[in-house]
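K.L.:
structure of the sequence below:
(chains A and B)
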Amino acid sequence: DQQVKQNSPSLSVQEGRISILNCDYTNSMFDYFLWYKKYPAEGPTFLISISSIKDKNEDGRFTVFLNKSAKHLSLHIVPSQPGDSAVYFCAASKSYGGSQGNLIFGKGTKLSVKP
Amino acid sequence: GAVVSQHPSRVICKSGTSVKIECRSLDFQATTMFWYRQFPKKSLMLMATSNEGSKATYEQGVEKDKFLINHASLTLSTLTVTSAHPEDSSFYICSASSILAGKTVDTQYFGPGTRLTVL
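P.N.:
All right, here's what the predicted structure looks like:
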């Protein structure tokens, strides 16, 4: 049973527009969420995170929104750039601070930003 | 900051041999290191968690005698795939985190990965 779901395997966006990547989770015990970006044959790069006590966290062009009641989070990238083209993984963790760091990853969404 | 390296980036070996993969945190002390495996078209699966100086904690279904993990220092962890078989062929990625930097252990920094091919 997949606890973290990224239902869109791919997304194509025009340069300059907004990219919205979605993630749903089933375990209400998750209280910390992260987004990673991954290029082929490379390890994931940490982008942005959010704890369950917040509903929004912003860092430059990246904003993560968390809707706990819907068990849904999204990553907004605006404006999108061709260099943003990569696979984006959503990850969740169960106990903030005292966690052993067991991140549960979604399957990823491949973002393509077209010039 | 927060750079993690892995070596080798790619290795091809014969069935039955052992392969060692190194994971190093270059500019910070990693109190915890993690080893993941990624299957084609699938997500990252955590294999084990290791804290410096103590035994690794393996996830269910991961054979600890086959995937030996050593975390001898705050900057180095190794994964040894013993008696490798073709089904062990995969992309292995390590990550490191540190509570020393004021961050939670959940903020993990990943290495570039190692592509293992067992013939």
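K.L.:
okay, now the residue of chain B found nearest chain A: neighbour count?
P.N.:
Nearest to chain A, among the residues of chain B, is B:F110, at 3.5 Å (Cβ to the nearest Cβ). The way it works is simple: take the backbone N, C-alpha and C, and place the C-beta from them, glycine included. When counting by other Cβ atoms under 10 Å in any protein chain shown, one arrives at 23 neighbours for B:F110.
K.L.:
and the closest residue to B:F110 other than its chain neighbours, which of the three is it?
P.N.:
Leaving aside its sequence neighbours, B:F110 sits nearest to A:G43 (Cβ to Cβ, 6 or more residues apart in numbering or on different chains; 3.5 Å). Secondary structure state of A:G43, per DSSP: H, G, I helix; E, B strand; the rest coil, is coil.
K.L.:
cool, the one 4 residues further on as well?
P.N.:
Secondary structure of A:L47, reduced to three states by three-state DSSP: strand.
K.L.:
right, and it touches A:F62 too?
P.N.:
Yes: assessed by Cβ atoms under 8 Å, A:L47 is found in contact with A:F62 at 5.8 Å.
K.L.:
which residues touch the residue nearest to B:F110?
P.N.:
Applying Cβ atoms under 8 Å, 6 or more residues apart in numbering or on different chains, we find A:G43 in contact with B:4, B:6, B:93-95, B:110-113.
K.L.:
in CSV: those residues, plus distance to B:A72.
P.N.:
Output for the contacts of A:G43, formatted as CSV (distance: Cβ to Cβ, whole Å):
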residue, distance to B:A72
B:V4, 16
B:Q6, 16
B:I93, 20
B:C94, 14
B:S95, 17
B:F110, 20
B:G111, 17
B:P112, 21
B:G113, 21
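K.L.:
mind checking which of the residues you listed are in strands?
P.N.:
In strands, defined here by DSSP state E, the members of those are B:4, B:6, B:93-95, B:110.
K.L.:
so which of those is the most crowded?
P.N.:
B:C94 (31 neighbours).
K.L.:
beta partners of the nearest residue to it once chain neighbours are set aside?
P.N.:
For B:C94, ignoring the flanking residues on the chain, the nearest one in space by Cβ to Cβ, 6+ apart is B:C23 at 3.4 Å. Taking DSSP bridges as the rule, B:C23 bridges to B:Q6, B:S77.
K.L.:
B:C23 contacts B:S9, correct?
P.N.:
No: the criterion here is Cβ under 8 Å, and B:C23 misses it with B:S9 at 11.9 Å.
K.L.:
still on that earlier bit, the residue nearest to B:C94: neighbouring residues, count only.
P.N.:
B:C23 has 29 neighbouring residues, counting by other Cβ under 10 Å.
K.L.:
contacts only, for it.
P.N.:
Contacts for B:C23 were tallied using Cβ under 8 Å, 6+ apart; they are B:4-6, B:33, B:35, B:76-79, B:94, B:96, B:111.
K.L.:
so where's the chain shaky on pLDDT?
P.N.:
Because you didn't say which chain, this covers chain A. Applying pLDDT under 70 to chain A flags residues A:1, A:95-102.
K.L.:
look at chain B instead
P.N.:
For chain B, the stretches with pLDDT under 70 are B:1, B:41, B:99-106.
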